[in-house]
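1. Could you look at this predicted model? Sequence included:
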Amino acid sequence: MLTRRIIPCLDVKDGRVVKGVHFLNLRDAGDPVELGARYSDDGADELVFLDITATIRSRKTIVELVRKVAENVFIPFTVGGGINSIEQMDELLRSGAEKCSVNTAAVKNPDILTKAAQRFGNQCVVLAIDARRSKTRAGHWQVTVKAGTEATDIDAVEWAAEGAKRGAGEILLTSMDADGTQKGYDIELTRAVADAVGIPVIASGGAGTLEHLYEAVVEGHAEAVLMASITHFESYTITQMKEYLRDRGIAVNL
Amino acid sequence: MLVVIDYNVGNVKSVCNAFEHLSCPVELSCDRKKIEAASALVLPGVAAFGFAVNALGSLGSVIKDLALSGKPLLGICVGFQMLFDKSCEFGIHNGLGLVSGDVVPIPPGRVIPHMGWNKVVLPSDMALFDGLGGEKHFYFAHSFCAKVTDKTAKIAYTDYGFQLPASIQKGNIYGTQFHPEKSGQQGLQVLRNFARIANGRGD
């Protein structure tokens, strides 16, 4: 039986891991390679590295980082942040990343998902969606782009379904409302997206307790849960998370 | 020397990194002479099947002949799928035809891709799994799977609502649908076992 995945997320800025609240007020959380190796040793199923600066200069740094991580960490990892071409994806995959996530580029040019899937296989293509609860339409979420700074009129659930159809192999779904609050994932959003697509959905944004992880899987129908604050600042170890889920009847790789 | 076939597909570096981590000499190459001189070959693959087969080009028949002559070969993920006769991912594409069977979509009715860690039941007579016990979790990421018809191949399965072939062995030909290079300590043990098989041949 396929196990549910625990995925620490490492937001990288200027070569350091940082974590903020609602994408702001960043705190330093350590060296990405060291942290990645530590999470791997502690039983993480996967890692996500997001280049949150995503400039031309940071792009070089992130390729270097991917190389270093791949030499030291033998679990899969996804890289994202500012990726907007097949060539960039190719470079990152060849440097050792297992998957690439695209966000803004896919909203602007959805064809990138199809092209990437045909080239690399859809299991390499992660569609990252930053969603914010709509103030005007209850039960709806808007897609935001450019690291959450720019709202669009696109409905997050519809976009997820279209992205899957176009070639995404996984959805990395972040609730902008919940991000960094440690008050729990947006379960309603997670379930709406997970039920609308046939590909795995990674719940992201808001993890603060072990119960939150359980809710995302059982009520949110997430295949995987992503977290940053609660692992970086050592509230819980990965092993603790897995033991908790296992004891509540969820299959994990422990 | 072990040679990992370099044929312009994603993430071939990780396989080399894993062997290097195990202090096992390895070279990433697409040079025919080096491939012929190798103690064993690894055919990695993060790509769509058709893209991978095209990218492999004429090296395909070289690898096939070497495998038929007894050189140990390990196919990983799409490299594993290419060991079979053909695949229907984005059109019909021929594989190497070293193991009888086709590559078909994972049957609907479950989350696809099959992505994440799944438990593989490890037959004790498959050399890749020496020292790993009866079952272990490995990392999978694929939307197509092998339908093995070869009666001479040993098969290890994982349960994804059906019995999904996770690994095969047919004489000197080995393959894993999962990524040993991304499956933590147990994955490294699979690669260690393959390196030992390669060394057993001298060179």
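-> Great, that's in hand.

2. Give me the pLDDT for residue A:231.
-> The per-residue pLDDT reported for residue A:231 equals 83.

3. now for the regular element (helix or strand) spanning residue B:169, which elements pack on it?
-> Counting by DSSP states H and E, the element that carries residue B:169 is strand B:163-170. Contact here means 3 or more CB pairs under 8 Å, 6 or more residues apart in numbering or on different chains; DSSP states H and E; on that basis strand B:163-170 packs against strand B:114-121, strand B:144-148, strand B:154-159, strand B:173-176. (Each C-beta comes from the backbone N, C-alpha and C, glycine too.)

4. for the last one, what is the average pLDDT?
-> So the one you mean is strand B:173-176. Rounded mean pLDDT across strand B:173-176 is 98.

5. Would you check how far apart residue B:157 and chain A are?
-> 12 Å (CB to the nearest CB, to the nearest Å).

6. Buried ones in stretch B:119-129, by neighbour count?
-> For stretch B:119-129, a neighbour-count test (16 or more other CB atoms under 10 Å in any protein chain shown) marks B:119, B:120, B:122, B:126, B:128, B:129 as buried.

7. Now tell me what touches that stretch from outside.
-> With contacts defined as CB atoms under 8 Å, 6 or more residues apart in numbering or on different chains, stretch B:119-129 is touched by A:1, A:3, B:74, B:132-138, B:154-159, B:166-167, B:169, B:174, B:176, B:178, B:190, B:193-194, B:197.

8. Now do the same contact list for the closest residue to chain B within the stretch 1-150 of chain A.
-> Closest approach between the stretch 1-150 of chain A and chain B, counting by CB to the nearest CB: residue A:93, at 3.2 Å. The contact partners of residue A:93, by CB under 8 Å, 6+ apart, come to A:99, A:100, A:120, A:124, B:10, B:11, B:46.

9. shouldn't the second one be in contact with residue A:77?
-> No: counting by CB atoms under 8 Å, no contact exists between residue A:100 and residue A:77, whose distance comes to 10.4 Å.

10. Which SSE is immediately downstream of the least confident helix or strand in chain B by mean pLDDT?
-> Lowest on mean pLDDT, DSSP states H and E among the helices and strands of chain B sits helix B:49-56, with a mean of 87. Sequence-wise, the next helix or strand downstream of helix B:49-56 (DSSP H and E) is helix B:59-68.

11. What angle do helix B:49-56 and that following helix make with each other?
-> Interaxial angle of helix B:59-68 relative to helix B:49-56 (axes from the mean of the first three to the mean of the last three CA atoms, to 10 degrees): 90 degrees.

12. Show me what helix B:59-68 packs onto, helices and strands only.
-> helix B:32-37, strand B:40-43, strand B:73-76.

13. Just list what the last one packs against, helices and strands only.
-> It stands for strand B:73-76. strand B:40-43, helix B:59-68, strand B:173-176.

14. For the first one, which strands pair with it and how are they oriented?
-> Based on DSSP bridges, the strands next to strand B:40-43 in the sheet, each with its direction, are strand B:2-5 (parallel), strand B:73-76 (parallel).
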